[in-house]
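Enquirer: the sequence and its predicted three-dimensional model are supplied below.
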Amino acid sequence: EPEVTQTPSHQVTQMGQEVILRCVPISNHLYFYWYRQILGQKVEFLVSFYNNEISEKSEIFDDQFSVERPDGSNFTLKIRSTKLEDSAMYFCASRDTSSGNTIYFGEGSWLTVV
Amino acid sequence: GDSVTQMEGPVTLSEEAFLTINCTYTATGYPSLFWYVQYPGEGLQLLLKATKADDKGSNKGFEATYRKETTSFHLEKGSVQVSDSAVYFCALYLLQGAQKLVFGQGTRLTINP
């Protein structure tokens, strides 16, 4: 069964460093998302991406965050200068119109900022 | 705005007990409704879904019925197992307007043998 894959599974970084989280969405999907989950808290929407541009972003997704689809398969989330409060699990997800409204998630990337 | 409210956790049950996790929603349109499950140390997995009123989603013995009149999508299972221990998230998705999933706060379920 096709799945969303994410790398790395876990990354530890120093405060102020740049981080790039990578995702390979399901191949025929057209809509891409990043969500995050701070430990023990709810899953929060960060950004949605369609047709090579951001379609919506939350207030969490400030100027320190960016997304990119550098080629036909990868979808990345960059945090320019990490803060301690960016420590969370980051989930990539994708959807296509043939699956209706079902959004499929990757396994997540644990980011720890120290 | 659109929101999902789940029953407070954690929930602890004995094996073979009956499970209900309540979920209610507020939405301006006609959402699709989902339950996702997160097993310890893993990502979010789709458990079941319902796309319109009175639809029943089911999977792995779990069921939930889309009740428009009560704006609810309660998760039920007749006989839980230790392996059902996980965090369960109710979520809604609107095709109109903001096209994204909105999650409830999650309910941690622990099943004791």
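Expert: Arrived safely, thanks for sending. Small disclaimer: the values here were computed from a predicted structure and weren't measured.
Enquirer: what does chain B have sitting close to chain A?
Expert: By the criterion of Cβ under 8 Å from any Cβ of the partner chain, the positions of chain B lying close to chain A are B:32, B:34, B:36, B:42-46, B:49, B:51, B:89, B:91, B:93, B:95, B:98-106. Heads up, the C-betas are built off the backbone N, CA and C, glycines and all.
Enquirer: again, 10 Å this time
Expert: B:4, B:6, B:31-34, B:36, B:38, B:41-46, B:49, B:51, B:87, B:89, B:91-95, B:97-106, B:108 (Cβ under 10 Å from any Cβ of the partner chain).
Enquirer: give the ChimeraX command for selecting the buried subset of those residues.
Expert: In ChimeraX, this line selects whichever of the residues of chain B next to chain A come out buried by 16 or more other Cβ atoms under 10 Å in any protein chain shown:
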select /B:4,6,31,32,33,34,36,38,43,44,46,49,51,87,89,91,92,93,94,98,99,100,101,102,103,104,105,106
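Enquirer: just the ones of the residues of chain B next to chain A in strands?
Expert: Secondary structure from DSSP state E places B:4, B:6, B:32-34, B:36, B:38, B:45-46, B:49, B:87, B:89, B:91-93, B:101-103, B:108 of the residues of chain B next to chain A in strands.
Enquirer: measure the closest residue to residue B:14 other than its chain neighbours to residue B:85 for me?
Expert: Nearest-residue entry for residue B:14: residue B:112, 5.5 Å, with adjacent residues in sequence omitted and distances by Cβ to Cβ, 6 or more residues apart in numbering or on different chains. Distance of residue B:112 to residue B:85, given as Cβ to Cβ, to the nearest Å: 9 Å.
Enquirer: now do the contacts for residue B:89.
Expert: By Cβ atoms under 10 Å, 6 or more residues apart in numbering or on different chains, the contact list for residue B:89 reads A:37, A:42-43, B:4, B:6, B:21, B:23, B:34-38, B:44, B:47, B:101, B:103-107.
Enquirer: let's go with 6 Å and repeat that
Expert: Residue B:89 makes contact with B:36, B:103, B:104, B:106 under the criterion Cβ atoms under 6 Å, 6 or more residues apart in numbering or on different chains.
Enquirer: dump the residues you listed to JSON lines, plus pLDDT.
Expert: JSON lines is the format used below for the contacts of residue B:89 (pLDDT from 0 to 100):
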{"residue": "B:36", "pLDDT": "96"}
{"residue": "B:103", "pLDDT": "94"}
{"residue": "B:104", "pLDDT": "94"}
{"residue": "B:106", "pLDDT": "93"}
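Enquirer: near the nearest residue to residue A:112 once chain neighbours are set aside, how many other residues are there?
Expert: Nearest residue to residue A:112, sequence neighbours excluded (Cβ to Cβ, 6+ apart): residue A:12, at 4.7 Å. Applying other Cβ atoms under 10 Å in any protein chain shown, we find 12 residues neighbouring residue A:12.
Enquirer: pull the number of nearby residues for residue A:40.
Expert: Here the count is done by other Cβ under 10 Å, and residue A:40 has 8 residues near it.
Enquirer: give me the secondary structure label for it.
Expert: Per DSSP: H, G, I helix; E, B strand; the rest coil, the local secondary structure of residue A:40 is coil.
Enquirer: could you measure from it over to chain B?
Expert: Residue A:40 is 9 Å from chain B, where distance means Cβ to the nearest Cβ, to the nearest Å.
Enquirer: roughly how far does that residue sit from residue B:37?
Expert: Distance of residue A:40 to residue B:37, given as Cβ to Cβ: 16 Å.
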